[in-house]
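Q: pasting the sequence and the predicted model now:
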2 protein chains.
Amino acid sequence: MMTAKRSATAEKILQLSAELFAKKGYDALSLRDIANACEMKAPSLYNHFKDKETLYRAVLQTVFAQESPQLLSCFQTGESPEVQLKSFIHKACLAVSKDSIFSSLFLRELLSSEGQHIQFLAEEVMAETCQAIHDVLVKIEPKCDSHFMTTSLVGLIVFQFQMNKMRPFMSGSEPKHTEVAYITEQIESMIFNQIAAIKTT
Amino acid sequence: MMTAKRSATAEKILQLSAELFAKKGYDALSLRDIANACEMKAPSLYNHFKDKETLYRAVLQTVFAQESPQLLSCFQTGESPEVQLKSFIHKACLAVSKDSIFSSLFLRELLSSEGQHIQFLAEEVMAETCQAIHDVLVKIEPKCDSHFMTTSLVGLIVFQFQMNKMRPFMSGSEPKHTEVAYITEQIESMIFNQIAAIKTT
DNA sequence: GTCTATAACGAGATAGAC
DNA sequence: GTCTATCTCGTTATAGAC
């Protein structure tokens, strides 16, 4: 599916507003804020996008499309399924830790009451990546519930990094808990221990 | 800490607006929407709450306070730590599946850019429950990272039930994946398999 | 007094005219 | 790209009902 070629300013609007949509959410973010970040006036945005909703959908599409190839590449190597999965976990954790735009937008949509974008996200944007995780899990251990493990993996990655904001106020939290390497290692451990447990039954 | 005694209408406003705040989010929900649900006019709300922000904070407090005793009771039995943790997982999953107000508000706050309420939630509202999980995990397996396991458990519960909206559009999803009993069982399995794996090292 | 509704304000929103 | 119409927001002032 080809995405329409965009002008340079349209690209600029997309990139800058993606960050703002992720940070403040659809309703709290005004077109003026976006225009401000782009060094233009709000009505000028209408030269590039039909309305706020259209801009937002374009943001969803491009943000997820940017991450997707990187993540999919993990599964296109000659390595064993186990190694492929591990490298995916590492790359996904790194991506989410570097900027949370991806995961913030995803979580916001998951919370949204009007489920308009849920289907779009699932089928058009995340399908390939989730399918790849799904397939590699089946290869590693056919007996496992690969759908549930896929959602658990995605959930842990998305949630644990969001939790970094709250950890300072929680008991038992240590500095290491906010480190990418440590979180990655722990999530990897949970997933592979679960697989191992199923394997031996 | 005593909470101020509230009138019947104030309680009604709290209950009805909690649902709406969870569903639409702080910014998207107008005082007129709330008033509508309560069968009153917007300005009348000001007889019961100073402003929107105050109402919202009261909502956070009461919603979490309602769930808290139920969940804490799991840890106040004479049962073994393992049984206590299992009964907590069951009760928490059931609570989240019955109404997602609790977990929606929590996730929304976790996403919020202004972290004003994060500390409040962590220290005033969720601290007791998280501490109880933390303690029981230490009892079961002192070698485990109980902080990380606590957040993983909370994250899995909150996330997996939110995912039910998206599952219909994902490959590999079956009807059982949206059932409370099945999700509960799977989360329990992940947590206890992780504990078992740590125990044997 | 206690709670309610009506009217209206100023700020800030989207979006269409120019 | 700018101007501006129109709408909706949170909030206040005020006056009437129980």
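A: Alright, I've got the coordinates.
Q: is it true that A:F75 touches A:A132?
A: Yes. With contact defined as C-beta atoms under 8 Å, A:F75 counts as touching A:A132 (4.4 Å). In this view, the C-beta of every residue, glycine as well, is placed from N, C-alpha and C.
Q: anything in contact with each of the two?
A: Listed as contacting both A:F75 and A:A132 by C-beta atoms under 8 Å, 6 or more residues apart in numbering or on different chains are A:F88.
Q: hey, which helix or strand in chain A has the poorest pLDDT?
A: One helix or strand of chain A scores below all others by mean pLDDT, DSSP states H and E: helix A:116-120, with a mean of 87.
Q: quick one: that helix near DNA strand C?
A: No. Helix A:116-120 stays out of contact with DNA strand C when judged by C-beta under 7 Å from any atom of the strand, the minimum separation being 14.6 Å.
Q: using PDB, list the CA coordinates for the helix or strand just after that helix.
A: For helix A:116-120, the succeeding helix or strand toward the C-terminus, using DSSP states H and E, is helix A:127-140. Below are the C-alpha coordinates for helix A:127-140, written out as PDB (Å, rounded to 0.1, in the frame of the first residue of the first chain):
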ATOM      1  CA  ALA A 127      -0.300  -6.600  12.000                       C
ATOM      2  CA  GLU A 128       3.000  -7.500  10.300                       C
ATOM      3  CA  THR A 129       5.000  -7.100  13.400                       C
ATOM      4  CA  CYS A 130       2.600  -9.000  15.600                       C
ATOM      5  CA  GLN A 131       2.300 -11.700  13.000                       C
ATOM      6  CA  ALA A 132       6.100 -12.000  13.000                       C
ATOM      7  CA  ILE A 133       6.200 -12.400  16.800                       C
ATOM      8  CA  HIS A 134       3.400 -14.800  16.600                       C
ATOM      9  CA  ASP A 135       5.100 -17.000  14.000                       C
ATOM     10  CA  VAL A 136       8.500 -17.100  15.800                       C
ATOM     11  CA  LEU A 137       6.800 -18.100  19.000                       C
ATOM     12  CA  VAL A 138       5.100 -21.000  17.300                       C
ATOM     13  CA  LYS A 139       8.400 -22.000  15.900                       C
ATOM     14  CA  ILE A 140      10.100 -21.900  19.300                       C
END
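Q: contacts for helix A:127-140 next, please.
A: A:68, A:71-72, A:74-75, A:81-82, A:84-85, A:88, A:122, A:144, A:146-147, A:149-150, A:153-154, A:195, B:170-172.
Q: list the buried ones in it?
A: For helix A:127-140, a neighbour-count test (16 or more other C-beta atoms under 10 Å in any protein chain shown) marks A:A127, A:T129, A:C130, A:Q131, A:A132, A:I133, A:H134, A:D135, A:V136, A:L137, A:I140 as buried.
Q: neighbours around A:V180, how many?
A: 15 (other C-beta atoms under 10 Å in any protein chain shown).
Q: surely it and A:K91 touch.
A: No. Using C-beta under 8 Å, A:V180 is not in contact with A:K91; the gap is 11.2 Å.
Q: how far away is A:L20 from B:E109?
A: Per C-beta to C-beta, to the nearest Å, A:L20 is found 19 Å from B:E109.
Q: sounds good, over and out.
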